[in-house]
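Student: Below are the sequence and a predicted model; questions follow.
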Amino acid sequence: MTRAGDGHESPYDRHRDEARPSAGASDAAASDAGPPRAQPAETGPAETEPDPRFTMANERTFLAWSRTALALVAAGLAIVQLLPPFPGVPVGRHLVGIPLIILGAVVAVAAYVDMMRNQRALRRQKPLPRSVLPRLLAATIGGVATVAAIVALISATR
Amino acid sequence: MPPRSQEPPVLDPVNRTKLAWSRTALGFAAIGGAMLKLSFVAGLVVLVLSLPIWAVSHRQRGRDAISQSPGYLRLVTATVVVVAVAALAVAIFGHSPDSLGQLLRG
């Protein structure tokens, strides 16, 4: 949307203008507009560029997952390097921290795969695929919390 | 087609996306700064990689930029994976006397 008088054109404006049917344009003007756009393959589903707002929302979701992944890596590293050792459980910090670091890497890659799948679904105007990330995150954090509780209990009894 | 004035604003999504990129870049820079104390090279790499991510937040967005964004997104993913691998290396083979490597060696 262009705000009155600000002179800026948003991606949404461009998208809308390009998506607008060329009913008002003559054939000659259409032929002057440059080479025709590549048509989707006849065998596959038709793909159209989605509304930029959806693309940006998809991008923001990806970035939010990436920040979550980065926080997991930082938390894992902090647990391993900064936490004092658990008495009686010498590998306790590593049991808690290393899975978080690995989860961070997995979440980063899965977020990218999810984003691409969502973008493809948007282009094909299909329902968005269900993401495995929330379940993966919940299950792993639950597991790590359980391990942390066990390690803390063991070290407390020694 | 509805009149132009009734269409939903899109500048807010653009700004929100810019801010999301800025937050991500700041997060990378913070992690890189923290990693400098643990591993100078790894921290420096993360700090340097946060610069192009910061630049993405200030790029001119347009239709072409949107269709090219997977390149930037791949950079973010690759950076997180690099950070995770570096963190894993520090956690396992770090210099602290009670690192996992030292503990496993007995």
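Tutor: That came through fine.
Student: Please make it C-alpha for all contacts and neighbour counts, starting now.
Tutor: Will do.
Student: Alongside chain B, which residues does chain A contribute?
Tutor: By the rule Cα under 8 Å from any Cα of the partner chain, the part of chain A lying against chain B is A:1, A:10-12, A:14-15, A:52-53, A:55-57, A:59-60, A:63-64, A:66-67, A:69-70, A:73-74, A:77, A:80-81, A:90-91, A:94, A:98, A:101-102, A:104-105, A:108-109, A:112.
Student: Which among these count as buried?
Tutor: Buried residues within the residues of chain A next to chain B, counting neighbours by 16 or more other Cα atoms under 10 Å in any protein chain shown: A:1, A:10-12, A:15, A:52-53, A:55-56, A:59-60, A:63-64, A:66-67, A:69-70, A:73-74, A:77, A:80-81, A:90-91, A:94, A:98, A:101-102, A:104-105, A:108-109, A:112.
Student: Narrow those residues to those in strands?
Tutor: Among those, no residue falls in strands (DSSP state E).
Student: I'd like to know which of these are part of helices.
Tutor: A:11-12, A:15, A:52-53, A:55-56, A:59-60, A:63-64, A:66-67, A:69-70, A:73-74, A:77, A:80-81, A:94, A:98, A:101-102, A:104-105, A:108-109, A:112 (DSSP state H).
Student: how about low-confidence regions in chain B?
Tutor: Chain B contains residues with pLDDT under 70 at B:1-11, B:60-69, B:95-106.
Student: and if we set it to 80?
Tutor: For chain B, applying pLDDT under 80 flags the ranges B:1-11, B:38-39, B:41-42, B:56-71, B:94-106.
Student: Enumerate every residue touching A:S66.
Tutor: By Cα atoms under 8 Å, 6 or more residues apart in numbering or on different chains, A:S66 lies in contact with A:107-108, A:111, B:24, B:76-77, B:80.
Student: Check the residues you listed against B:H58 and report the nearest one.
Tutor: B:H58 lies nearest to B:T24 out of the contacts of A:S66, by Cα to Cα, at 12.8 Å.
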